[in-house]
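Novice: Quick one: sequence plus predicted model below, questions after.
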Amino acid sequence: MPVLSPKDFTAAPQMAGYLFQCRYALLLLLEREPFDPACRVNIEKFDDVTVERLGGIVRSVQTKHHGGSAALTDGSVDWWKTLRAWCALRDAKRLTDSTILSLVTTATAPAKSAAACLRKDDDRAPELALERLRAALHATTSDDVKSTAAAFKGLKKAQQLSLLQKVFVFDTSPNLKDVRTELKRHLWRVAEGHRLDACLDALEGWWFSRVAEHLEGGATEPITATELTLKVADIRETYRRGAIPDYVANLTPPRVNLANDRRLFVEQLRLIKANEGRQVAAVSDFTRAATQRSELVRKGNIDRLDLQQYDEKLCSEWRRLFSIRQNEVPLGAGDVELEKAGRETLTAVEAQQLSLRGFPEPYLMRGSYHSLANRWAGSTPTLGWHPHYGKRLTKTARGATK
C-alpha cells in the first residue's frame, strides 16, 4: 500500500485559482469603470467572470491559473473545457453580436497552436485556429478531450468559426501575485506610493467580502461599478494628506481666441474633434493649473520634485487608460471611430481624481494633463488622446521649432 502524505490532499492549486479569479474580476471592474460606470460583474453565474451592461454580456471571461509553467496546446483539456462553457452560453442565447469571449491564462500558447491564432494582435487568424482545433480533435486519442469537446464538435463548421471569432486568448497573464501588482497600478489615483499597499489591502478586504456576499446570494445580484467607485472614494478620503491652498480661486477666466490658438494641447483637441465648449474649458483649466502650480512652488507649499512625481503619476494613469481604450479600437478603424475613441479617452482621464497632496479642485489635474499634452517628448507629444496622436502630431508635421 502506498504511503500517503498530507500533500496528496492539498487544495492549494484550486484555492489559488479561485483567488486569481476573484482578483481578476476586481481588475476588470477597475479597468472598465472609468469608461463605463454602468457596467457590473457577475462571478460564477454565466462564466468564471462576466462583465455586463443592461444590454447583456459585454465580456465573458474564463480564468486559468497554473502554479508553474504550462502550455495551452490544442490538446489541452483546459482549452476544451473553456470552449465547452462558451458553447453552453451560446446554446442559452446569452451571447450578443458584440460579446467578447476571453481566456485569461497563466499558461503559454505555443507557436502554431490554435490559441496563438486567437491573440489580439496582427497575427490573429480565427480560420486557421479552427483548422488546428478540428485537426487536433481528429487526431486525439484522449477520452477526456473527446467528451469535453463534444459540444464544440456538435456545431456546424460555420457556427464553430462564428464562436471563435468572438474568442480572444490572453496567455502568459500575470499570476495570482502579479495581479496584485496590476491592481496597485490602478490605485495610483487614490494614494501616494508608500500607501498603496495599505489602500489595496483595504480595497481587497471589502472586495472579497462583497464577492462572498455575491456568491452566497446565488450570484443573482451583480457587483456594480458604482459600488466600486464609492468604495475607492471612501478609501481615498481615509488616506488623503493635508490640503494645500487654492491660489486661483478668484482668478478671472482668460479670454479665449481658439481660431488663432496654435498651442499643441489645443491641436490635440482639434484632432479628436472636441467641440468648442470643451476646448474653451481646457484652455481655462490649462491656465488655472499653470498659475496654481507656479504659486505653490513659489510660496513653498510644495517643491518641484512634488510636481515631477505628480506628473509621473498622471502619465502612468494616462498610459493605463490610453492602452485600455486603444485595445478596444477595431483594427482598421476609420477617422470617425478614432476621433470618438480619443474623446472617450479624454473623458476617462478627466473623470479621474488624482489629487496633488490632497488638493480637491479638479481643474489642477485636468489642466496638468493639458500641460503634459502641450509638451514634446522628442519629436512627438508627451501624451495625447487620439489613438494615432504620435503619428498625426509631430514637430515636422507642425513645423514646430520647440
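Specialist: Nice, thanks for sending it over.
Novice: ok, longest strand in the chain?
Specialist: Longest strand in the chain by number of residues, with DSSP state E as the criterion: strand 56-64.
Novice: Return the list of strands paired to it, each annotated with direction.
Specialist: strand 49-53 (antiparallel), strand 100-105 (parallel) (DSSP bridges).
Novice: Need the contact partners of the shortest one.
Specialist: Put plainly, it is strand 49-53. Strand 49-53 is contacted from outside by 21, 24-25, 28-29, 32, 36, 38-43, 57-61, 63, 222, using Cβ atoms under 8 Å, 6 or more residues apart in numbering. Every C-beta, even on glycine, is put in place using the N, C-alpha and C of the backbone.
Novice: Low-confidence regions, the protein specifically.
Specialist: Filtered on pLDDT under 70, the chain yields the residue ranges 1-10, 191-195, 238-243, 396-402.
Novice: the strands in it, which residues?
Specialist: For the chain, strands defined by DSSP E occupy the ranges 40-43, 49-53, 56-64, 100-105, 167-170, 223-224, 376-377, 380-381.
Novice: and the longest one, how far from the chain's centre?
Specialist: Pointing back at strand 56-64 there. Distance, stretch centre to chain centre, for strand 56-64: 14 Å (Cα atoms, centre = their mean, to the nearest Å).
Novice: what does it contact?
Specialist: Outside of strand 56-64, the residues within contact range by Cβ under 8 Å, 6+ apart are 17, 20-21, 24, 28, 36, 39, 46-52, 72, 78, 82, 85-86, 89, 94-96, 98-107.
Novice: Just send the strands paired with strand 56-64 back as a markdown table, with distance to R278 and mean neighbour count too.
Specialist: Shown next, in a markdown table, are the strands paired with strand 56-64 (distance: least, Cβ to Cβ, whole Å; neighbours: other Cβ atoms under 10 Å):
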| stretch | distance to R278 | mean neighbour count |
| --- | --- | --- |
| strand 49-53 | 25 | 22 |
| strand 100-105 | 30 | 23 |
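Novice: Nearest to G217, out of the ones you listed?
Specialist: When the strands paired with strand 56-64 are compared by Cβ to Cβ, strand 49-53 sits nearest G217, at 15.7 Å.
Novice: got the CA positions of the closest one in PDB?
Specialist: Output of strand 49-53 as PDB, limited to C-alpha atoms (Å, rounded to 0.1, in the frame of the first residue of the first chain):
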ATOM      1  CA  VAL A  49     -16.400  36.200 -14.600                       C
ATOM      2  CA  THR A  50     -18.800  38.200 -16.800                       C
ATOM      3  CA  VAL A  51     -18.800  41.900 -17.400                       C
ATOM      4  CA  GLU A  52     -22.300  43.100 -18.200                       C
ATOM      5  CA  ARG A  53     -24.500  46.100 -19.100                       C
END
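Novice: starting at the chain centroid, how far to it?
Specialist: Relative to the centre of its chain, strand 49-53 is centred 14 Å away, using Cα atoms, centre = their mean.
Novice: One more: stretch 127-147?
Specialist: Averaging C-alpha positions (Cα atoms, centre = their mean) puts stretch 127-147 33 Å from its chain's average.
Novice: which of the residues in it are buried?
Specialist: For stretch 127-147, the neighbour count (16 or more other Cβ atoms under 10 Å) marks L128, A129, L130, R132, L133, R134, A136, L137, V145 as buried.
Novice: sorry, back to before: now tabulate the strands paired with strand 56-64 in TSV and tack on distance to L331.
Specialist: Output for the strands paired with strand 56-64, formatted as TSV (distance: least, Cβ to Cβ, whole Å):
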stretch	distance to L331
strand 49-53	21
strand 100-105	14
